[in-house]
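Peer 1: Sequence and predicted structure below; questions after.
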Protein chains: 2
Amino acid sequence: MNEMEVSMANVEDRNDLPTKPIPEPTLRRLPLYYQYLKKVRDEHKGDFISCTQIGNDLSILPIQVRKDLGIAEAVGKPKLGYSIDELISIIETFLGWNNTKDAYLVGVGHLGTALLGFERFKEYGLNIIAAFDIDKEKIGKTIHGVKVFHLGKLHDMVKRMGIKIGILTVPASPAQELTDEMVRAGIRAIWNFSPVKVNVPPDIIVQHENLASSLVVLAKKLTLARQNQS
Amino acid sequence: MNEMEVSMANVEDRNDLPTKPIPEPTLRRLPLYYQYLKKVRDEHKGDFISCTQIGNDLSILPIQVRKDLGIAEAVGKPKLGYSIDELISIIETFLGWNNTKDAYLVGVGHLGTALLGFERFKEYGLNIIAAFDIDKEKIGKTIHGVKVFHLGKLHDMVKRMGIKIGILTVPASPAQELTDEMVRAGIRAIWNFSPVKVNVPPDIIVQHENLASSLVVLAKKLTLARQNQS
DNA sequence: TAGATTGTTAATCGATTAACAATC
DNA sequence: TAGATTGTTAATCGATTAACAATC
């Protein structure tokens, strides 16, 4: 490959489609680094940090930290490490936390209410600007600064505001129907906290948050640990 | 390998340690199959179901369904498929949902309250039998059938009841301290809903539930989909 | 019987981990 | 300078997917 080809490849990578896929495990670890780095910054112990340091503190192999940071396009200095401030800002940019995305939440039960109270979401570029329910007790109220509307208004409001992200915090039974309704209105990505898998057209993104799955992993690890120690 | 060796190997696998590790992705999919199978059973469309059918409905490759069910030690009939009832019962047994595990919950905020209300956990063998907080408003109250105690009673109650699972639903700041306290008292597995990674001794299990990580995956997929379609 | 489906072994794919030259 | 650390290429590992004989 000659110099011309190299520079062409760079241009393609940065400006053109398709963007190369980022490994999901890396994507999931970046927020961990971010939270850790902000803590470290507040301790004022220096301006630079090494992968060895990060890895030790987070129980992740240093080489993996280096790979992840490389994918996020961070650049370090041999012997010194990475600038903490720069790293924080690079992760923010890479994950798109600078430009906020608006979202609607459907289902103001216990979990929905809890999510409405997560101030932290704003830090991660997510802004829940309205909630929907069918319970007359809740409609019209403002919960954690977010107004609750009747579900019947969902379609028009999604259309009018051009909302792309929907958060689904409802029981199993109405989950599919409400998903269909959101998709019809123009929602492109659904964060699904309901206990069932919902079906969507191929161009719609669904992120299924399944507490049962997580609990199973925890419980099985506990059982295996007991067996192997006995 | 002769017949003797084969039978010896079987005996070891079934009765002796160490139990062979189960792939975590499989473990996470099993509850999905379970929820789906219960729905199918209630529709009374027949007694048997094939991997093709399950896979189509859940958007999972049939061969992967077959692998997963095999790992859970399910046995099917060529041409017919698997008995739905048998499959449900095999998953319940394999995941240990028959014998309930008691747990304590620490931090009765919005999320903690929501988790206390999840009746579904009982189905998955998890029984939250007490909650702890430092807020005098909450102490002494019963939320969703679970009594809230002062945090100071955690240590003695864990010891006395032999509780092994702790659910941590607190903000970042007290998370590590409360983890240490739980471990000292005898907790062996922590389901961590706090926004920070907590450090534990090597024999303690931590399952970190990180909403920021999930949100990042959702948002990045949405961004990539837009770029590739433009 | 014929054909769909299981169970198992092999091939592929992608993420993790190792190796090592470049460098502040 | 010497040594720790980065960035990159190669090796390993484990999960997914494919292939195919056995079978109700």
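Peer 2: Thanks, I have it.
Peer 1: where in chain A is pLDDT low?
Peer 2: Along chain A, segments meeting pLDDT under 70 span A:1-19, A:228-230.
Peer 1: let's go with 90 and repeat that
Peer 2: A:1-21, A:119, A:195-196, A:202, A:223-230 (pLDDT under 90).
Peer 1: any bit of stretch A:32-42 sitting next to chain B?
Peer 2: Yes. Counting by C-beta under 8 Å from any C-beta of the partner chain, contacts between stretch A:32-42 and chain B involve A:32, A:35-36, A:39. From N, CA and C alone the C-beta is placed, and that goes for glycine too.
Peer 1: So which residues make contact with that stretch?
Peer 2: With C-beta atoms under 8 Å, 6 or more residues apart in numbering or on different chains as the test, stretch A:32-42 has contacts from A:49, A:54, A:57-58, A:65, A:68-69, A:84-85, A:87-88, A:91-92, A:95, B:172, B:195-197, B:210, B:212-213.
Peer 1: From the residues of stretch A:32-42 next to chain B, keep the buried residues only.
Peer 2: Buried by 16 or more other C-beta atoms under 10 Å in any protein chain shown: A:32, A:35-36, out of the residues of stretch A:32-42 next to chain B.
Peer 1: returning to that earlier point: nearest to A:Lys136 among the residues of stretch A:32-42 next to chain B?
Peer 2: If you rank the residues of stretch A:32-42 next to chain B by distance to A:Lys136 using C-beta to C-beta, A:Gln35 comes first, at 39.7 Å.
Peer 1: show me which of the contacts of stretch A:32-42 neighbour DNA strand D.
Peer 2: A:Leu69 (C-beta under 7 Å from any atom of the strand).
Peer 1: Are any of the contacts of stretch A:32-42 buried, and if so which?
Peer 2: By 16+ other C-beta under 10 Å, the contacts of stretch A:32-42 give A:49, A:54, A:58, A:65, A:68-69, A:84, A:87-88, A:91, A:95, B:195-197, B:210, B:212-213 as buried.
Peer 1: mind listing which of the residues you listed are in helices?
Peer 2: Under the assignment DSSP state H, those contribute A:54, A:58, A:65, A:68-69, A:84, A:87-88, A:91, B:212-213 to helices.
Peer 1: now, which of the residues you listed sits nearest B:Gly125?
Peer 2: Within these, proximity to B:Gly125 (C-beta to C-beta) peaks at B:Ser213, which comes in at 25.5 Å.
Peer 1: and the closest residue to that closest one other than its chain neighbours, what is it in contact with?
Peer 2: The shortest distance from B:Ser213 to any non-neighbouring residue, by C-beta to C-beta, 6 or more residues apart in numbering or on different chains, is to A:Arg28 (4.0 Å). A:Arg28 sits next to B:210, B:213-214, B:216-217 when contact means C-beta under 8 Å, 6+ apart.
Peer 1: Wasn't A:Arg28 part of a helix?
Peer 2: Yes. Judged by DSSP: H, G, I helix; E, B strand; the rest coil, A:Arg28 forms part of a helix.
Peer 1: quick one: it from DNA strand C, how far?
Peer 2: Per C-beta to the nearest atom of the strand, to the nearest Å, A:Arg28 is found 8 Å from DNA strand C.
Peer 1: again, but for A:Phe118
Peer 2: 26 Å.
Peer 1: now, among the ones in helices among the buried ones among the contacts of stretch A:32-42, which is nearest to DNA strand C?
Peer 2: Of all those, A:Asp68 has the smallest distance to DNA strand C: 7.5 Å, by C-beta to the nearest atom of the strand.
Peer 1: Surely the closest one touches A:Arg29?
Peer 2: Yes. The pair A:Asp68 and A:Arg29 qualifies as a contact (C-beta atoms under 8 Å) at a distance of 5.5 Å.
Peer 1: what about A:Lys45, how many residues close to it?
Peer 2: Applying other C-beta atoms under 10 Å in any protein chain shown, we find 10 residues neighbouring A:Lys45.
Peer 1: How about the secondary structure of it?
Peer 2: Taking three-state DSSP, the label given to A:Lys45 is coil.
Peer 1: quick one: stretch A:100-120 to chain centroid distance?
Peer 2: 14 Å (C-alpha atoms, centre = their mean, to the nearest Å).
Peer 1: tell me which residues of it are tucked away?
Peer 2: By 16+ other C-beta under 10 Å, the buried positions in stretch A:100-120 come out as A:101, A:103-118.
Peer 1: Distance across stretch A:155-167, terminal residue to terminal residue?
Peer 2: Start and end residues of stretch A:155-167 are separated by 14 Å (C-alpha to C-alpha, to the nearest Å).
Peer 1: Quick one: distance of that stretch to the chain centre.
Peer 2: Worked out by C-alpha atoms, centre = their mean, stretch A:155-167 lies 19 Å from the chain centre.
Peer 1: With stretch A:39-58 instead?
Peer 2: 23 Å.
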